[in-house]
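Asks: no FASTA, just this:
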Ligand SMILES: [Zn+2]
């Protein structure tokens with residue numbers, strides 16, 4: 001007996017906004033995605049005749065569909081999007097601000113304070129942070145996450161591997177609810193043989209790819225060479241923090257793009273932040289953006305963290321720190337908008353809500369026209385999937401029915417109201433029903449959430 005979800009009157013803004021759609025998922029996979037001629041009104045009678053349960057999002061308890069008893073959901077014109085994909089988070093640091101402060105608010109102090117606090121964090125605490133922040137993102141409609149992980153080999157291999165083990169365990173436990181890609185940040189201040197070997201070991205243990213922040217090294221190019229060499233040897237993707245600086249001469253992105261082209265690694269390399277692009281003259285930035293596009297490098301903007309961190313020491317006028325969003329999109333670079341840090345010394349705010357990040361992107365990049373808003377929507381769905389190398393996330397027959405149903409009828413309403421009421425589905429099973437709090441429909445998920453919240457909160461622990 002198949003479990004069947006039928007949805008009518010769904011707005012799919014990433015397809016055709018002039019129509020509403022009928023969608024069918026069988027055993028968690030889309031089998032039908034069809035535009036309707038007019039608003040469907042099959043109503044409870046027709047559904048009952050077919051033995052189905054007929055509900056609207058407001059009058060539904062979150063249960064089903066059960067095998068043999070189809071669930072018919074009338075979306076009543078609400079928006080249905082592929083579940084969001086967050087291409088750049090730091091789950092292991094999330095909610096660490098009560099333990100690790102940052103008096104100056106600068107990136108430099110955040111890096112220094114966090115690095116010196118790391119040896120004292122037990123594995124269970126790191127894991128609880130990862131679980132809590134990943135589920136926080138799930139509750140907002142995200143079902144795929146790429147997280148960077150601190151990898152402080154200079155405190156000893158055991159400290160570095162503690163975070164890796166915590167992340168691998170959390171990834172496995174949460175696999176039914178969210179896909180997680182793990183990128184340890186190799187220490188670019190002294191990328192020793194020992195550090196590279198530890199990185200290789202983490203990859204053998206199951207992390208996804210090679211990360212790092214080579215722009216902070218005194219000599220970034222040799223460090224980037226070593227990271228590419230390691231990724232080549234291990235056959236894995238690369239995702240680097242690049243040029244998170246207001247200094248217009250910090251330009252590792254250009255070198256990374258040339259390297260990507262030389263290696264023929266289009267689609268396997270990602271650069272995040274790119275703040276210095278916003279601090280340099282137009283023609284210099286254009287050249288670097290063209291290089292990124294030509295090499296097939298993916299990019300991520302982190303507008304929440306960078307609006308907060310960058311430009312701190314500027315006299316007015318103050319630089320804003322957010323990369324050149326429109327120019328990157330116009331050049332054809334797949335550009336995702338992502339969460340970055342949550343309530344840690346790097347960024348005190350955030351909740352893993354990509355819609356909120358989309359709104360911040362729209363403000364920071366002056367994107368509010370109808371076309372712009374739709375471009376921002378793609379930065380939360382289509383582009384992060386491309387950056388993360390994920391296929392099969394679109395709402396199309398044959399793909400998993402991972403989606404978020406949002407209480408808004410148009411993209412304009414979505415970004416204006418940023419609705420809290422969201423129904424989150426993964427493989428045709430409802431994980432969370434409406435409401436601003438995480439109202440889990442899966443008992444195991446509720447348990448993971450409560451356990452993690454007990455360890456990790458906004459209060460300082462004694
Ligand atoms: Zn980051």
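Replies: It's in. All values reported here derive from a predicted model rather than from experimental measurement. Residues are numbered from 1 along each chain as shown.

Asks: Quick check: which ranges of the stretch 201-350 of the chain have low pLDDT?
Replies: Low-confidence regions of the stretch 201-350 of the chain, defined here as pLDDT under 70, do not occur.

Asks: how about the helices of it, start to end?
Replies: Here the stretch 201-350 of the chain has its helices, by DSSP state H, counting those that start in this stretch, at 220-234, 252-263, 282-295, 303-309, 325-330.

Asks: Mind checking the ones you listed for the one nearest to residue 447?
Replies: Nearest of those to residue 447, taken as C-beta to C-beta: helix 303-309 at 29.7 Å. No exception for glycine: its C-beta is placed from N, CA and C like everyone else's.

Asks: Any idea how far the closest one is from the middle of the chain?
Replies: Offset of helix 303-309 from its chain centre (C-alpha atoms, centre = their mean, to the nearest Å): 16 Å.

Asks: Pull the residues that contact it.
Replies: Contact with helix 303-309 is made by 105-107, 110, 244, 273, 275, 320-323, 337, 339-341, 346-350, 356-357, 360-361, 364-365, as judged by C-beta atoms under 8 Å, 6 or more residues apart in numbering.

Asks: In strands only, show me these.
Replies: Among the contacts of helix 303-309, DSSP state E puts 273, 337 in strands.

Asks: all helices for the stretch 51-200 of the chain, in order.
Replies: 107-117, 123-139, 157-174, 193-205.

Asks: Using TSV, lay out these together with distance to residue 433.
Replies: Below are the helices of the stretch 51-200 of the chain laid out as TSV (distance: least, C-beta to C-beta, whole Å):
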stretch	distance to residue 433
helix 107-117	36
helix 123-139	10
helix 157-174	19
helix 193-205	36
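
Asks: Deepest in the core, which of those is it.
Replies: Highest mean neighbour count of the helices of the stretch 51-200 of the chain: helix 123-139, a mean of 24 (counted as mean count of other C-beta atoms under 10 Å).

Asks: and it with helix 157-174, angle?
Replies: Interaxial angle, helix 123-139 versus helix 157-174 (axes from the mean of the first three to the mean of the last three C-alpha atoms, to 10 degrees): 40 degrees.

Asks: Can you spell out which helices and strands pack onto helix 123-139?
Replies: The contact analysis (3 or more C-beta pairs under 8 Å, 6 or more residues apart in numbering; DSSP states H and E) places helix 123-139 against strand 84-89, strand 142-150, helix 157-174, strand 429-432, helix 443-455.

Asks: in the chain, which residue is closest to the centre?
Replies: residue 86 (0.8 Å; C-alpha atoms, centre = their mean).

Asks: Quick check, that one in contact with residue 137.
Replies: Yes. Residue 86 is within contact range of residue 137, at 5.7 Å (criterion: C-beta atoms under 8 Å).

Asks: Contact partners for residue 449?
Replies: Per C-beta under 8 Å, 6+ apart, neighbours of residue 449: 131, 132, 135, 438, 440.

Asks: anything in contact with each of residue 86 and residue 137?
Replies: 145, 339, 352, 354.

Asks: Would you list the phi and psi of the last one?
Replies: Its backbone dihedrals place residue 354 at phi -70, psi -20, with angles given as degrees, to the nearest 10.

Asks: Would you check how far apart it and residue 446 are?
Replies: Counting by C-beta to C-beta, to the nearest Å, the separation of residue 354 from residue 446 is 23 Å.

Asks: swap in residue 355?
Replies: Distance, residue 355 to residue 446, by C-beta to C-beta: 23 Å.

Asks: So for the two, which residue has more residues nearby?
Replies: With neighbours defined as other C-beta atoms under 10 Å, residue 355 and residue 446 compare such that residue 355 has more, 25 against 15.

Asks: In this structure the more buried one contacts residue 418, no?
Replies: Yes. Contact criterion C-beta under 8 Å: residue 355 and residue 418 qualify, at 5.4 Å.

Asks: Could you tell me what pLDDT the model assigned to residue 57?
Replies: Per-residue confidence (pLDDT) for residue 57: 88.

Asks: measure stretch 187-199 end to end?
Replies: One end of stretch 187-199 to the other measures 10 Å (C-alpha to C-alpha, to the nearest Å).

Asks: Show me how far it is from its chain's centre.
Replies: Worked out by C-alpha atoms, centre = their mean, stretch 187-199 lies 26 Å from the chain centre.

Asks: so for that stretch, what's the average pLDDT?
Replies: Mean predicted lDDT for stretch 187-199 stands at 89.

Asks: Right, I'll leave it there.
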